[in-house]
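In: Need the 3D shape of this:
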Amino acid sequence: MDESLSNLISPIREAARRAILRLIPAECFLCGAEGDFDVLCPACVAVLPRWQGAGACPTCALPGTGGRICARCIVHPPAFDATLAAYDYGFPVGQLIHALKYRTALDLAGWLGKRLVAVAGSAWDVVLPVPLHAQRLRERGFNQSLELARPLTRNGLPLLREGVSRRRPTRAQAGLDARARRRNVHRAFQVEVDLARRHVLVVDDVMTTGATLDALALELRRAGASRVVNLVVARTPQSF
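Out: Here you go, the predicted model:
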């Protein structure tokens, strides 16, 4: 679509959306309140635990380090360079992510994706959603990381959908300790695209120990990426 035509259509679509909301008020996903808003009401948005980047490890975003690199990243430096997050993983952010992944609440993907846009910046050559294995994709029906990444492309960032894959099915990371998580995703990813000197922004829903993101970043480095930064909806308060 011609860019000038796209710029014309977007305000028209927004005006139409607003008109529909006036006729049929939106219902807040969390509290059920009705009004003219997008997915969450202002009161629920206000209580979401925003990520405090200034007090977190700049590499893995672990909160509570006073902005210094945490001990784990010093002793075992990950393959990625930095991590950005929209929220701390706490109530009710966990409920939103669970609803997106397991209740197919895809309207939340667009809303959360817009929150990622607000913290992402634009110094990236490509946006990469963490890929799912084909088996998991068939089971779930969609890749939540891809859905979260879509709003970033509206700012002109290219989305990398081909050439990076999960080469084998892995167990769900939830419930595994840090060592088991690392074993679970060891060499799980495959990169078949040249990323020489590229700055890659990797999008995912939650970061806990960072094992999955580290395994993926290692393969991106091997493909030539010069900088790899994670962008996640939520960072857990501690690495287990």
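In: Please count neighbours and contacts with C-alpha atoms only from this point.
Out: OK.
In: who touches Ala223 in this structure?
Out: For Ala223, the contact set (C-alpha atoms under 8 Å, 6 or more residues apart in numbering) comprises 191-196.
In: same question, Leu160
Out: Contact analysis of Leu160 by C-alpha under 8 Å, 6+ apart lists 126-129.
In: sorry, back to before: among the contacts of Ala223, which lie within strands?
Out: Val191 (DSSP state E).
In: tally of neighbours for Val47?
Out: For Val47, the neighbour count with other C-alpha atoms under 10 Å is 11.
In: Give me the phi and psi for it.
Out: Recorded main-chain torsions at Val47 are phi -100, psi 0, according to degrees, to the nearest 10.
In: who are the neighbours in contact with it?
Out: Counting by C-alpha under 8 Å, 6+ apart, Val47 has no contacts.
In: re earlier: export the contacts of Ala223 as a markdown table, with columns for pLDDT.
Out: Below are the contacts of Ala223 laid out as a markdown table (pLDDT from 0 to 100):
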| residue | pLDDT |
| --- | --- |
| Val191 | 95 |
| Glu192 | 95 |
| Val193 | 96 |
| Asp194 | 96 |
| Leu195 | 97 |
| Ala196 | 97 |
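In: Mind giving me the PyMOL select for the contacts of Ala223, buried ones only?
Out: Applying 16 or more other C-alpha atoms under 10 Å to those, the buried members can be selected in PyMOL as follows:
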select buried, resi 191+195
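In: wait, which of the contacts of Ala223 is closest to Thr209?
Out: Distances from Thr209 to these, taken as C-alpha to C-alpha, are shortest for Val191 (22.2 Å).
In: Quick check: the gap between the closest one and Val164.
Out: Using C-alpha to C-alpha, to the nearest Å, one gets 4 Å for the distance from Val191 to Val164.
In: what does Arg198 give?
Out: Distance of Arg198 to Val164, computed by C-alpha to C-alpha: 14 Å.
In: Now do the buried residues in stretch 100-116.
Out: For stretch 100-116, by 16+ other C-alpha under 10 Å, it's 100-101, 105-106, 108-110, 112-116.
In: go on, stretch 28-38?
Out: Using 16+ other C-alpha under 10 Å as the test for burial, stretch 28-38 gives 28-29, 35-36, 38.
In: Export it to CSV, keeping only CA atoms.
Out: This file holds the C-alpha atoms of stretch 28-38, laid out as CSV (Å, rounded to 0.1, in the frame of the first residue of the first chain):
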residue,chain,number,x,y,z
CYS,A,28,-12.1,-3.9,30.7
PHE,A,29,-10.4,-7.2,30.4
LEU,A,30,-9.5,-7.2,34.1
CYS,A,31,-12.3,-5.6,36.1
GLY,A,32,-15.2,-5.5,33.6
ALA,A,33,-15.8,-1.8,33.7
GLU,A,34,-17.3,-0.2,30.6
GLY,A,35,-16.0,2.9,28.8
ASP,A,36,-14.2,4.4,26.0
PHE,A,37,-10.8,2.7,26.3
ASP,A,38,-8.7,0.0,24.6
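In: now stretch 124-135, how far from the centre of its chain.
Out: 10 Å (C-alpha atoms, centre = their mean, to the nearest Å).
In: what's the first-to-last distance across it?
Out: 30 Å.
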